[in-house]
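*Asks:* Give me coordinates for this.
(2 chains)
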Amino acid sequence: MASKELAELCEVILQDTYGELASSIVAILFAHGRLTASQISKNTKIPLAAVQRTLVALIQNRFVLYWQDLEGSKNVYYYANWQQCYSILWTGQIITTVNKMFSENLNTSSQASKAAEVVKNMHIFGHMKVQDYLDAHSPEDSNEISSVMTSLVKQKILTPLYDFEFHPIEDIFGQLYQKHYKLINADRSGPQSEIAKKGAATIAAETDKSALLTRKDEANIGLIKVETASKNGGANRARKIIGSRRNASAENESWTVDKDIVLSVNHEKYLLLARNNDLVKLASKRVGKVTGQVYKRLLACYESKISRCNQEIQPGVDFNISTMEVAKGIDSQLDVQGSIVMPSNKRKVKQEVDDGGRLRKKTRLDGDLNGGLDDDVGDDDDDLLDDDDAYDDDGHSDMNGSTNGSGSVNGKTSVEATNRHLELLADSPIRFVRKVGNRGGGEWFVPFNELVQDLKRVTYEDIITRKYGPVATRLLRVIREKGKVDEKLLSQITLLQSKDICSHLTDLQGIGCLNLQEVPKTNDRAPGRNFYLWFHKPTRAYSLLVQDLYKTMNRLYTRLGSERKTSSILLAKLEREDVKGNEETYLSAQEKRELAELRRAEEKLLVQLFRVEGLVRIFRDY
Amino acid sequence: MIKLAQDSQGLCFQAVSVEDAQKVKNMTSDEAMVYSYIETAGREGIWTKTIKMRTNLHQSIVLRCLKSLENQRYIKAIKSVKYPTRKIYMLASLQPSVEVTGGPWFTDSELDSEFIENLLNITWRYVVSLTFPRAFEQDNFADKQGPQQATYPASYKGYPSVTQIHKFVTDSGITNVELGVSDIRALCEVLVYDDRLERRDAGFSYKATWQSVVAFGGGFEGDELDDALDGFTESPCGRCPVVDHCGRDGPVNAEECVYYDEWLIN
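*Replies:* Just a heads-up that it's a prediction; the model follows:
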């Protein structure tokens, strides 16, 4: 069930993109939960025929889901689907991403624009059968489109759409549960007690449900082998797909898109790409830009391995990435080696030895760097960028020697240097990556679930810092680390006066970031004799923030609409056939100014909207 | 010339120096009684109310005694950090204890935030110098040929320990306040909570964070100063004072919002 803020936001989005009628129907569904068509008509005072017509369009785009109660009333109920409504906001970004992806991968520009067009049309129509789409184009075009579609499906940007995705998942579960319950009830040898029966039915239904959902994650779903396609058509497709999964690794086989399936845009894939982007940004900020680029390569290796953000993955053969794999794809322009400075500077070493704890420090240094340190001191002329010699002296790996021998260009992206960057990432308190083995120059695993928690935490702290200043964030960090803290201790740890702390604490409490617990010392619960303990509950704090973000997006979007409304006469004029394309001649200077002003405001509002949206993604979808 | 004292084995007598005896001799009996309580309180000091309670004297008498003792410079009034409103007395010859003054962070029984801030910055700078090579040298690469990143490898062991930082701070002569290792650790912990330092080796040593360097104007070409606001805080709603009253048809709404007017113009 969507919250009030989210429902209002979806309404505003739909109103802008699909009109008043669609938005008012969805609004009623948000407000009342599930309704039948006639109930919708009654509530909105819109004629039933119009409601039904609109519902068709809404269902096509899956803004509304439906469910027929087969047991009792045979009524068809409609549900508002906020996920799909919200994802309208991603349209632009997905199209841009696709365009960029195709341009980068050495495809022709016509292919890139075709790919973007296919994705755009998929957004407009919600979903479409491949054959129908191809039929709508000329035969010359359709060949290219089909190859573009094949690669889109391969990359999981488009994904087959199944019947069950038009129904609310809870109802599907309910149905499965009823089915299993009846079976178990009929089975005399099965469990006897009511609780055991229910438990068994729930487990069976859960398995069925997840089987249904994982169908979409199969490697080559929606694709068929070229030769089988020509021989058998798509007749026994299912068997082929299952068979092909066994040798899915044989990538040289050519696949083509199955023309009989229905495709739609896969938002999960977009979220994965967006998450990778945000993580790279975080790594660049926390560790360094070059390391960020190395991390980008590492995350890119995961693109084909995981199909949704909340997928549970464990370290293992499937999800470990070797350094070799990462190093392969690194841009040769990137100064991977030079960006790591070996601590071989004479001054530094001396300082080290001079300072406290000297002996132990010194021996540790020597032990770790294989004594390469002392060798370097002589030939290092402060030109730390160019210390290839130093690396050879280190004698860390055999790999290094060979890459250096083959040419300095290759040497720059050597496995050794890549490893150093990955080690830096693993060393960070943010759990970017974990080292899990040594094969292939080192094996790495990205613990996404924990990492996303860190990302949320850091983003949240950023917001708090920007809004309430560094002191508030200092307090928040202390409270999170210590659990429940009273003001006296806070003042002691943060070295701040308690009168400075108070106002910050109440600010943070106001937005739900902190909560206060009272523990009475005496029976009379006198306020003066209470302990007041502050604590921070991330889930609550984040979800409240997300509501605020929805509200902000809603206001931005509403304002956009109202800006357009105030200039509606001008906009109407722009729509006129004779004015289109001849704006220069038909518009007065005053109108041109107004138009420029409007476009500026629109741009500002939209940019802001998408920036806020980026935050919502972090807290809700990753 | 002799006073009662107590040790672990029981009551015993202690000789009193001639000067002290002389002092007490010249006092009235009330004064002597008040003086003896203040003396036993030692470096902690004693609250006037406690004196009154213990001596069972009238308020005005106690006050008169305190006044005369203070005038003869036998005792002095001090301020306690814990109870800033209480009037506390102790012998003039003694220094108030850490409990009373609040330690090195307090000047005139107030937390000296400026002093702390300075020390934080100095400590942080020192750790940065040992964490990153060339953190604040981007000006040397004005021709934009500078490196994109310069970091020590993960195996680097040169991060300073608390003792090292302590030595640096005391040797540098920045302050004449006596700072213990634990005080320096407290400073470092504050920096950790400010996300400017990270703990290493379970708190044995500290490492500066890269984003704090960038935030303070360090870093290299392209490490943009990240002082831009995030999307939420920058939008008018993110810092709207009446956001809770904002509704579609309410008195405050997006269409007529003055904050938006202002924001869109800028």
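
*Asks:* List the buried residues of the helix or strand residue B:67 falls within.
*Replies:* Counting by DSSP states H and E, the element that carries residue B:67 is helix B:59-71. Residues B:61-66, B:68-69 are the ones in helix B:59-71 that count as buried (16 or more other Cβ atoms under 10 Å in any protein chain shown). No exception for glycine: its C-beta is placed from N, CA and C like everyone else's.

*Asks:* Could you break chain A into its assigned domains?
*Replies:* A:4-87, A:89-162, A:165-215, A:266-334+A:413-446, A:452-536, A:544-621 (the TED database).

*Asks:* who's in contact with residue A:280?
*Replies:* Counting by Cβ atoms under 8 Å, 6 or more residues apart in numbering or on different chains, residue A:280 touches A:292-293, A:295-296, A:299.

*Asks:* Please flag which of those residues sit within helices.
*Replies:* Judged by DSSP state H, helices contain the following of those: A:292-293, A:295-296, A:299.

*Asks:* Most neighbours among those, which one?
*Replies:* residue A:295 (26 neighbours; other Cβ atoms under 10 Å in any protein chain shown).

*Asks:* before we move on, back to that, could you dump the contacts of residue A:280 into JSON lines and include pLDDT and distance to residue B:265?
*Replies:* Output for the contacts of residue A:280, formatted as JSON lines (pLDDT from 0 to 100; distance: Cβ to Cβ, whole Å):
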{"residue": "A:292", "pLDDT": "88", "distance to residue B:265": "36"}
{"residue": "A:293", "pLDDT": "88", "distance to residue B:265": "39"}
{"residue": "A:295", "pLDDT": "91", "distance to residue B:265": "40"}
{"residue": "A:296", "pLDDT": "91", "distance to residue B:265": "39"}
{"residue": "A:299", "pLDDT": "91", "distance to residue B:265": "41"}
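
*Asks:* Tell me how many other residues crowd residue B:208.
*Replies:* So residue B:208, with other Cβ under 10 Å, has 26 neighbours.

*Asks:* Where do the strands of the stretch 501-622 of chain A begin and end?
*Replies:* Assigned by DSSP state E, counting those that start in this stretch, the stretch 501-622 of chain A shows strands spanning A:514-520, A:530-536.

*Asks:* same question, chain B
*Replies:* In chain B, the segments counted as strands under DSSP state E are B:2-7, B:10-15, B:46-47, B:75-78, B:88-91, B:106-107, B:110-111, B:197-200, B:205-208.

*Asks:* So which of those strands has the densest surroundings on average?
*Replies:* Of all the strands of chain B, strand B:205-208 carries the top mean neighbour count, a mean of 26, counting by mean count of other Cβ atoms under 10 Å in any protein chain shown.

*Asks:* Looking at that one now, give me its mean pLDDT.
*Replies:* Averaged across strand B:205-208, the pLDDT comes to 87.

*Asks:* What confidence value was assigned to residue A:386?
*Replies:* 39.

*Asks:* Over to the one 4 residues further on?
*Replies:* Here the pLDDT value assigned to residue A:390 is 38.

*Asks:* where along the stretch 1-150 of chain A do the helices fall?
*Replies:* For the stretch 1-150 of chain A, the helices defined by DSSP state H, counting those that start in this stretch cover A:4-32, A:37-44, A:48-60, A:82-86, A:91-104, A:109-125, A:130-135, A:139-154.

*Asks:* Likewise for the stretch 501-622 of chain A?
*Replies:* A:538-566, A:568-575, A:583-586, A:589-616.

*Asks:* and what of chain B?
*Replies:* So, for chain B - with DSSP H - the helices run B:18-26, B:29-41, B:48-55, B:59-71, B:98-101, B:113-131, B:162-172, B:181-193, B:210-215, B:231-234, B:258-265.

*Asks:* Let me see the domain layout of chain B.
*Replies:* B:2-103, B:112-265 (automatic domain parsing).

*Asks:* Deepest in the core, which of those domains is it.
*Replies:* By mean neighbour count, with neighbours taken as mean count of other Cβ under 10 Å, domain B:112-265 ranks first of the domains of chain B at a mean of 17.

*Asks:* which residues sit in contact with residue A:552?
*Replies:* Neighbour list for residue A:552: A:612, B:232, B:235, B:237-238 [criterion: Cβ under 8 Å, 6+ apart].

*Asks:* which one of the residues you listed sits closest to residue B:258?
*Replies:* Taking Cβ to Cβ as the measure, residue B:258 lies nearest residue B:237 of the contacts of residue A:552, at 12.8 Å.

*Asks:* before we move on, the earlier item: using TSV, please lay out the contacts of residue A:552 together with distance to residue A:38.
*Replies:* Converted to TSV, those look like this (distance: Cβ to Cβ, whole Å):
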residue	distance to residue A:38
A:612	38
B:232	42
B:235	41
B:237	38
B:238	43
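
*Asks:* closest to residue A:197 among these?
*Replies:* Of the contacts of residue A:552, the one sitting nearest to residue A:197 (Cβ to Cβ) turns out to be residue A:612, at 48.1 Å.

*Asks:* which intervals of the stretch 1-150 of chain A have sub-threshold pLDDT?
*Replies:* A:1, A:106-107 (pLDDT under 70).
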